[in-house]
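1. Fold the stuff below for me.
(one chain, ligands or ions: 1)
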Amino acid sequence: MEFQKTPGWLDWYARPSRPRFQLPAGAVDAHCHVFGPGAEFPYAPERKYTPCDAGKAQLYALRDHLGFARNVVVQATCHGADNRAMVDALVNSDGRARGVATVRRTITDRELQDLHAAGVRGVRFNFVKRLVDFTPKDELLEIANRIAPLGWHVVIYFEAVDLPELWDFFIALPTAVVVDHMGRPDVTKPVDGPEFELFVKFMRDNPNVWSKVSCPERLSVTGPQALDGERAAYRDVVPFAKRIVEAFPDRVLWGTDWPHPNLKDHMPDDGLLVDFIPHVAPTAELQRKLLVDNPMRLYWPEEV
Ligand SMILES: O=C(O)/C=C(\CC(=O)C(=O)O)C(=O)O
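-> Numbering: from 1, shown residues only. Sure thing, here's the model as predicted:
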């Protein structure tokens, strides 16, 4: 099948630099995606965007180039609940990738078992309206209750302004809960203002809640962008991510978000993006927890 990319689509950065920051041994890129390729794994009819192809070979080449040891491949909304491209990436990773799926309530127990055998360890509930149609909360809770016995967790993606309305649903989830990109704070607001305080309280009050401190390239308003050798990029995001890393060092994850779906104004150099990490996790201990210990506990608990 032939797919036309969404107009204005930005492809990933072709020749990323090598990070200056040396990742600790065993580092996990805990948030990235594969797209198709569409000819092999068609994009879902209900998708809100059509990306460039970005397959497993390119993802694993980037992993090796940047110095990561493992990946967590998160189902992207352009594939809907058809997890085949993500599963194909997992089963062809020599055990070095685990995944997060999107499932519907119609999934059978057998299908869940098969996903588990392939390396899936979580489901993603997406509340970002430009990305997905609404799914009733009773369906999501039913799914959460079915995946809990497998030892899986729930990944949630939402905008900061929607946290108050979603709060009660989130705290009813029976598993570990991982928030994508710190709940997308508006970084033009103060880091100690009411909006981000609510997110901090969400993590403080609920010890099962984790956060990815990823996607500065998506959250930043004033940059500077991770381009042209800039190794201190996205300075407006640093106080937010650093605060979460320092307050909850055992419940944070980091990922590249490659191939960076839906960026509108620039595509970061992934090598320079890795150089963002020591700005938010300044000590070797924080870096080891963020990049190795925490993702291993969540995705490869049998090795910990
Ligand atoms: O890659 C991300 O985490 C963020 C996305 C895309 C996305 O979540 C998806 O398509 O599944 C975004 O903000 O557009």
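2. and this structure, which of its residues are near the ligand?
-> With the criterion set to Cβ under 6 Å from any ligand atom, the chain comes near the ligand through 33, 76-78, 131, 157, 180, 218, 257, 261-262. Using the backbone N, CA and C atoms, a C-beta is placed for each residue, glycine as well.
3. Pull stretch 223-232 out as PDB, backbone CA atoms only.
-> As requested, the backbone C-alpha atoms of stretch 223-232 are provided in PDB (Å, rounded to 0.1, in the frame of the first residue of the first chain):
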ATOM      1  CA  GLY A 223      15.000  26.600  22.800                       C
ATOM      2  CA  PRO A 224      17.700  26.700  21.800                       C
ATOM      3  CA  GLN A 225      17.100  23.800  19.500                       C
ATOM      4  CA  ALA A 226      19.300  20.700  19.500                       C
ATOM      5  CA  LEU A 227      21.000  21.600  16.200                       C
ATOM      6  CA  ASP A 228      24.300  23.000  15.000                       C
ATOM      7  CA  GLY A 229      26.400  21.600  17.800                       C
ATOM      8  CA  GLU A 230      24.100  23.000  20.600                       C
ATOM      9  CA  ARG A 231      24.900  20.800  23.600                       C
ATOM     10  CA  ALA A 232      22.800  22.800  26.100                       C
END
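4. Mind listing residues that contact that stretch?
-> For stretch 223-232, the surrounding residues in contact (Cβ atoms under 8 Å, 6 or more residues apart in numbering) are 17, 20, 217, 233-236, 266, 268-269, 272-273, 275-276, 279.
5. Closest to Tyr299 out of these?
-> Distance to Tyr299, by Cβ to Cβ, is smallest for Leu273 among those, at 20.8 Å.
6. Specify the local secondary structure of that closest one.
-> What DSSP: H, G, I helix; E, B strand; the rest coil gives for Leu273 is helix.
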